[in-house]
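S.K.: attaching a predicted model along with its sequence, questions to come.
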Amino acid sequence: LIFENSLICEGRFILTDGILHFFVALQLLSLSYACQHPSFISILLNGLTLGFACSCKHTAWALMPLNGIFHMYFIINKYKNMSINQKIQLFGNDSKKDLRFFARFLFDVLFRGGCLFGLTLFVYYASFVIHIIILCFNGPGKGFLNKTVRNTLLSGQWNSLEPQTKKLIGPSMIYRVFTLNVEMHRANMRIDTFHPYESRPINWPLLTSCYVGFLTFDEDKEINMIGNLFVYYSAFLALVYIVLSDVIRMFRLVLIQFLKIKTNYYVSPNWKHHFILFGYLLHYLPFFLIPRCMFLYHYHIPLIFAVMAAGSIFDLIFFIPAQIRSISKQKNELSTILPRYLAIRDKSHKSFDEFGSIVRSVLKRHEYNDLFFISGVVFMIILMIFVIAGFVIWSPFTYGSTINHNNLALRIYRTFLKLDEAYD
């Protein structure tokens, strides 16, 4: 994401979106920590960061169901994975144990849900109150307000009576916040006229739509919001991999059940992948229902999740197997094999040969896992080289450098975007 041109351009020229991306990333960090390490402080921070993100733009409200569903997932797993002794210690072993279990479970759900929802609404409401208090003068945007709220605006000249009297006769702050939110939504939905830089959600993942023009200095210098092809494509392919791996896993399990095949095959679903995929869909699919004209920058929050998918795939394929098998399994196997064979009374060559073959197989698997790790590093370096190259290639559009007809960025993007109209 550091080398993604459209995010850089958006953060430089549309102030709210740069702030939005920061708080979305911070919220995802706090959500992950609060789910895995629940405490009053972690859940408090989770709710506050959710409120900060939603206060930037309404597109962040999709984080609310994402938070709710994954907190529920971890609460259910918490009680599901309790040992019998833990359950007896917490809920007893009498006839009322089920009632105590349900009460404790319900308390966890209501406490987390109440904290998240309450803190989010509090921060969201407080941000609007501060906004209304600071922006108390007449301005060009007063036409968006209804008459009662408009009458509370000051003329721009401070005196001893006007501010106090207008505050007293005006509607309540809750009413002002509510009507302002309603009008914001209506004004957004009224943006339905054609725009030369507009695009549709179906075009965003693979950059098959129009770019977004920001500034034009002269015929050879301008700033356009153009995405880095290598970031967009690698992120989208990672999402496809997650979907296909889940479909194949489910198909195999159904096939085993249908044919009644006796096997120990079972691969538990990866909650991190589902977290990323669910977050991506929650922030991407609703745009298909919005009638107003939209632009490529509306895809930036889904893009954050898609890039997370790419990192998760590297972990899944290369680094996690290498770490788990090399550090844990192999060491455990070697530590249990040696005492077991030394304790055998029969010191025949067969026993030692068997011991040697097992050790060699373990070491061979260890080398195989090292190869996994090295391959992951190599693939990651190759991908980063392409991403950085893409950033350099399209940086003239991001920073307003000189662009000519022979520019590599222009030649490449003519294949994908509608740049011909601007430069022919």
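M.R.: Everything's here; your move.
S.K.: below-threshold pLDDT in this protein: ranges please.
M.R.: 156-169, 210, 219, 260-269, 318-373, 404-424 (pLDDT under 70).
S.K.: where do the strands of it begin and end?
M.R.: Listed in chain order, the strands of the chain (DSSP state E) span 212-218, 221-225.
S.K.: can you redo those as a markdown table with distance to residue 112 and mean neighbour count?
M.R.: For glycine as for every other residue, the C-beta is placed from the backbone atoms N, C-alpha and C. Formatted as a markdown table, those follow (distance: least, C-beta to C-beta, whole Å; neighbours: other C-beta atoms under 10 Å):
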| stretch | distance to residue 112 | mean neighbour count |
| --- | --- | --- |
| strand 212-218 | 39 | 14 |
| strand 221-225 | 38 | 20 |
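S.K.: make CSV out of those and add distance to residue 18.
M.R.: Listed next are those as CSV, based on distance: least, C-beta to C-beta, whole Å:
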stretch, distance to residue 18
strand 212-218, 14
strand 221-225, 13
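S.K.: out of those strands, which comes closest to residue 50?
M.R.: Residue 50 lies closest, by C-beta to C-beta, to one member of these: strand 221-225, at 27.2 Å.
S.K.: so which residues make contact with that closest one?
M.R.: 5-6, 9-10, 13, 211-216, 295-297, 397-403 (C-beta atoms under 8 Å, 6 or more residues apart in numbering).
S.K.: which among those count as buried?
M.R.: Listed as buried from the contacts of strand 221-225 are 5-6, 9-10, 211-214, 295-297, 397-398, 400, 403; burial here means 16 or more other C-beta atoms under 10 Å.
S.K.: among those residues, which one sits closest to residue 72?
M.R.: Among the buried ones among the contacts of strand 221-225, and counting by C-beta to C-beta, the member closest to residue 72 is residue 297, at 31.6 Å.
S.K.: who's in contact with that closest one?
M.R.: 6, 10, 14, 17, 212, 225.
S.K.: ok, 10 Å please
M.R.: 6-7, 9-11, 13-14, 17, 199, 204, 212, 225, 227, 303 (C-beta atoms under 10 Å, 6 or more residues apart in numbering).
S.K.: residue 251 now?
M.R.: No residues are in contact with residue 251 under the rule C-beta under 10 Å, 6+ apart.
S.K.: how many residues are close by residue 288?
M.R.: Residue 288 is flanked by 9 other residues according to other C-beta atoms under 10 Å.
S.K.: surely it is in contact with residue 202?
M.R.: Yes. The criterion here is C-beta atoms under 10 Å, and residue 288 meets it with residue 202 at 7.8 Å.
S.K.: ok so, going back, could you dump the contacts of residue 297 to a markdown table with distance to residue 178?
M.R.: Output for those, formatted as a markdown table (distance: C-beta to C-beta, whole Å):
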| residue | distance to residue 178 |
| --- | --- |
| 6 | 34 |
| 7 | 33 |
| 9 | 35 |
| 10 | 30 |
| 11 | 31 |
| 13 | 31 |
| 14 | 26 |
| 17 | 25 |
| 199 | 33 |
| 204 | 32 |
| 212 | 32 |
| 225 | 34 |
| 227 | 37 |
| 303 | 32 |
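S.K.: brilliant, that's me finished.
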